[in-house]
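A.B. asks: Structure for this input, please:
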Amino acid sequence: MGVFTVKSAYNLLSNLNLERAATGLSSSRVHQWELVPELVWKRIWSLQTLPKIKSFCWRVCAEGVATGDGLLSRQVPIDPSCRRCGANRETADHLLLECPFAKAVWLDSSLSYKPPTNQVPKFSDWLNSWDSLYRQNKKVARESLSHASFLCWYLWRARNDYVFNTKNWTPQEIITVAERAFLEFHATSASGHATTFTSYCASAATINWISPPVGYRKVNCDATLRNRSSKGGLGFIFRDHRSYQVKAISIPHHFKLAVRGEAIVIRCALIEAVAVGFANLQVESDCKEVIDYIHDQNQHPLYEFSTIISDIRRLSSSFDFISFRCIPRAMNGISDALARKALSIMCMTDWPNSTPWLHDLCESEALGCTHTIL
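C.D. replies: Below you'll find the model as predicted:
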């Protein structure tokens, strides 16, 4: 009598499929999961993530997720369209990669990923495409894919809450919860490879500053404060998808708290962006406290800068798209230099593109610039 194992059952079923294919007895309908490369299945089960998320990713590739299209294919009388954007078929691929809501989550996350628009993205192809990053830096690829898996999971959670009228998540809420879960998972992982927000961002920083997509501007903001003094400096720089400087400004300013200065410089950058007419803006700062206050309206900032946070939220409505992201200080070098320059000037200075020291900094950062992490 033989001994049953899951492996032996898997091998038996695999052999039966091969035999049916060889004898021409297989079904005329080819399932999409049959075309998924073996590498993708291996990548799913080797993901550094929660078991339930591995299972979810496997079900996405195996066409086993209860989306509108998935339920309709199982003879469930249901409207298969996407509840968020109205697309005709709500597939798992659409839900995770194609829906405008999902694209906003990916673009605004620290991965700054932009799904392709020239074709309908497939989740299995997306997993397969990570090969190039794995070849460049396996550690960064492993951590980034782990982070991405949590974004996928919470996109699915948010979809279910939306469909069943439990909660209407915003893209930023998904990003915040997914990132927190990702960091908690790695901090408590039995493998011992604990990851903090700082170390994760430092890994991303090895790929350097990330340029915005075409049609967007990115502004990096920073503030500095002299020791035992209220004299401070603000600095921010706008750049386009080619990493070219669009506008770089230094402003001398008086404030007693560094965090207040970090909030003021973001407000100044938004006022400038509105004046210039930028419609799509990505805002980056190395002050996590201020970014958290902007994102979470349930948090109540200190009185000293609560009105500034309110101003930032009001100004945000002036844009077609705006995102706020905390980055490590190593990725915010030019705005830091602009803030320090403000300590030695008397009034606001709009630095021309030809300024030698600024030109050299921008050129140096652009040489290592990454247009997408994936």
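
A.B. asks: contacting residues for residue 313?
C.D. replies: 294, 297 (Cβ atoms under 8 Å, 6 or more residues apart in numbering). Every C-beta, even on glycine, is put in place using the N, C-alpha and C of the backbone.

A.B. asks: And it, which helix or strand is it part of?
C.D. replies: Using DSSP states H and E, the element containing residue 313 is helix 303-316.

A.B. asks: In terms of secondary structure, what does the helix or strand that that helix is followed by contact?
C.D. replies: Where DSSP H and E defines the elements, the next helix or strand beyond helix 303-316 is strand 321-326. In terms of contacts (3 or more Cβ pairs under 8 Å, 6 or more residues apart in numbering; DSSP states H and E), strand 321-326 is packed against helix 100-108, strand 280-285, helix 288-295.

A.B. asks: Need the winner for burial among those.
C.D. replies: Greatest average neighbour count among the helices and strands packed on strand 321-326 goes to strand 280-285 (a mean of 22), per mean count of other Cβ atoms under 10 Å.

A.B. asks: Touching that one from outside, list them.
C.D. replies: For strand 280-285, contacts defined as Cβ under 8 Å, 6+ apart pick out 108, 212, 215-222, 262, 265-266, 269-270, 273, 291, 319-327, 331-332.

A.B. asks: The closest residue to residue 211 other than its chain neighbours: neighbouring residues, count only.
C.D. replies: Nearest residue to residue 211 in three dimensions, chain neighbours excluded: residue 243, at 4.9 Å (Cβ to Cβ, 6 or more residues apart in numbering). Applying other Cβ atoms under 10 Å, we find 21 residues neighbouring residue 243.

A.B. asks: Residue 243 and residue 212 touch, don't they?
C.D. replies: No - with contact defined as Cβ atoms under 8 Å, residue 243 does not reach residue 212; the gap is 9.3 Å.

A.B. asks: ok, now how distant is the residue nearest to residue 211 from residue 321?
C.D. replies: 19 Å (Cβ to Cβ, to the nearest Å).

A.B. asks: low-confidence ranges in this protein?
C.D. replies: Scanning the chain for pLDDT under 70 picks out the ranges 1-2, 7, 10, 14, 16-33, 116-118, 188-208, 366-374.

A.B. asks: Helices of the stretch 51-200 of the chain, start to end?
C.D. replies: 51-61, 68-73, 92-93, 100-108, 123-128, 131-136, 138-163, 171-187, 197-205 (DSSP state H, counting those that start in this stretch).

A.B. asks: so can I have a markdown table of those showing distance to residue 34?
C.D. replies: What follows is the helices of the stretch 51-200 of the chain, written out as a markdown table (distance: least, Cβ to Cβ, whole Å):
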| stretch | distance to residue 34 |
| --- | --- |
| helix 51-61 | 11 |
| helix 68-73 | 15 |
| helix 92-93 | 16 |
| helix 100-108 | 26 |
| helix 123-128 | 11 |
| helix 131-136 | 21 |
| helix 138-163 | 22 |
| helix 171-187 | 31 |
| helix 197-205 | 36 |
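
A.B. asks: deepest of the ones you listed, which one?
C.D. replies: helix 92-93 (a mean of 25).

A.B. asks: Figure out how far that one is from the centre of its chain.
C.D. replies: 18 Å (Cα atoms, centre = their mean, to the nearest Å).

A.B. asks: Then stretch 78-94?
C.D. replies: That offset, for stretch 78-94, works out to 23 Å (Cα atoms, centre = their mean).

A.B. asks: How about stretch 159-170?
C.D. replies: For stretch 159-170, the distance to the chain centre is 20 Å (Cα atoms, centre = their mean).

A.B. asks: same check, this time on stretch 321-334
C.D. replies: Stretch 321-334 sits 12 Å away from the centroid of its parent chain (Cα atoms, centre = their mean).

A.B. asks: what's that stretch in contact with?
C.D. replies: The contact list for stretch 321-334 (Cβ under 8 Å, 6+ apart) reads 104, 107-108, 110, 172, 198, 201-202, 204-205, 208-209, 216, 220, 222, 235, 237, 248, 266, 279-288, 291-292, 294-295, 316, 336, 358, 361-362, 365.

A.B. asks: What's the separation between residue 184 and residue 267?
C.D. replies: 32 Å.

A.B. asks: oh sorry, the question was meant for residue 233
C.D. replies: To residue 267, residue 233 is 15 Å away according to Cβ to Cβ.

A.B. asks: do residue 34 as well
C.D. replies: Distance, residue 34 to residue 267, by Cβ to Cβ: 55 Å.
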